[in-house]
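> here's my sequence, what's the structure:
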Amino acid sequence: MKTLGRYFLFLGNLFRNREKFRVYVKLVLDECIDIGINSVFIVSIISTFLGAVTCVQTADNLFNPFVPTYIISLIVRDSTILEFAPTITCVVLSGKVGSHIAGGLGTMRITEQIDALEVMGINSVSYLVLPKILAAVFMFPMLVVLAGFLSIMGGYLAGVFTGVISPEDYIKGLRYDFRTFNIPFALIKSLVFAFLITSISSFKGYFTQGGALEVGQASTAAVTNSCIAVLIADYLLAQLLLL
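Residues are numbered from 1 along each chain as shown. Just a heads-up that it's a prediction; the model follows:
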């Protein structure tokens, strides 16, 4: 409970004694590059192969002749939009982005750079952490959309080239009984996950004490706690928004 209370106080400091708007513009753009652009490659690789594997394994299990083949792409579509694109992508990003944020802030803490900002009268929480959260909230939905597209495309390529499904059946399955709310639901999840990953990782890095060993431990704790928070939030959002 003590740690949870410090976390909420930490979040409260984000909006206290903020800098001028123009100061945050450059900071947010820099963080967008670090958090979003630099994560495109890993997101692209993982999502493409997830879609391909899902398509091939689904086709291998649907050997019943009474089951139409377009069900394969329907399963790829729904599993991608509901889980693979938002949840798996953000779990991967919690490892890449979360460890980067925690390690960077932890290093600044042990080298007394954060203390120097406080001495100059700058709210270090707002100056260092708020741009990261804003950038993540802006970039994560874009990465999730990219992951969803590439996952479905990967399933299409794997299914067509291996001959388990025709292009026409794959497109038919993508269109069949489509629930439009699934896309806003995935984007809502990405926004929540973005906030959780960046805020938890920043919290762990900001309060690092000790030396280089403790920075590594803070990065590990940031990734672990972020993953747990993402999975808990995933269940809660599904319970609240889908049922």
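
> which residues are in contact with T198?
T198 makes contact with I35, V97, G98, I101, V129, K132, I133, A136, according to Cβ atoms under 8 Å, 6 or more residues apart in numbering. Every residue, glycine included, has its C-beta placed from N, CA and C.

> per-residue pLDDT, C90?
Per-residue pLDDT puts C90 at 92.

> what's the answer for L243, then?
Model confidence at L243, given as pLDDT, is 68.

> now V43
pLDDT, V43: 93.

> do the same with the one 10 residues further on
pLDDT recorded at V53 is 93.

> and the longest helix along the chain, which residues are buried?
Counting residues, the longest helix found in the chain (DSSP state H) is helix 130-162. Buried residues in helix 130-162, counted by 16 or more other Cβ atoms under 10 Å: 130-152, 154-156, 158-159.

> report the mean confidence score over it.
Averaged across helix 130-162, pLDDT comes to 93.

> what is it packed up against?
Helices and strands touching helix 130-162, by 3 or more Cβ pairs under 8 Å, 6 or more residues apart in numbering; DSSP states H and E, are helix 21-35, helix 40-61, helix 70-79, helix 89-110, helix 167-175, helix 182-206.

> next, the angle helix 130-162 makes with the fifth one.
Our comparison of helix 167-175 with helix 130-162, counting by axes from the mean of the first three to the mean of the last three Cα atoms, to 10 degrees, yields an angle of 140 degrees.

> list the buried ones in helix 167-175?
In helix 167-175, counting by 16+ other Cβ under 10 Å, buried: D169, Y170, K172, G173, L174.

> for the closest residue to the third one other than its chain neighbours, give me its contacts.
Pointing back at K172 there. Sequence neighbours aside, Y70 is the residue nearest to K172 in space, at 4.4 Å (criterion: Cβ to Cβ, 6 or more residues apart in numbering). Residues near Y70 by Cβ under 8 Å, 6+ apart: I165, D169, Y170, K172, G173, Y176.

> what's the farthest-apart pair in the residues you listed?
I165 and Y176 (13.1 Å; Cβ to Cβ).

> looking at these two, which is more packed in?
Neighbour count, other Cβ atoms under 10 Å: between I165 and Y176, I165 has more, with 26 against 14.

> what is the nearest of the contacts of T198 to Y7?
V129 (11.9 Å).

> that older thread, and the residue nearest to K172, how far is that from N182?
Using Cβ to Cβ, to the nearest Å, Y70 is found at 18 Å from N182.

> surely D169 touches I71?
No - contact criterion Cβ atoms under 8 Å: D169 and I71 do not qualify, at 9.1 Å.

> quick one: the longest helix of the chain to helix 21-35, angle?
Orientation of helix 130-162 against helix 21-35 (the same axes, to 10 degrees) gives an angle of 30 degrees.
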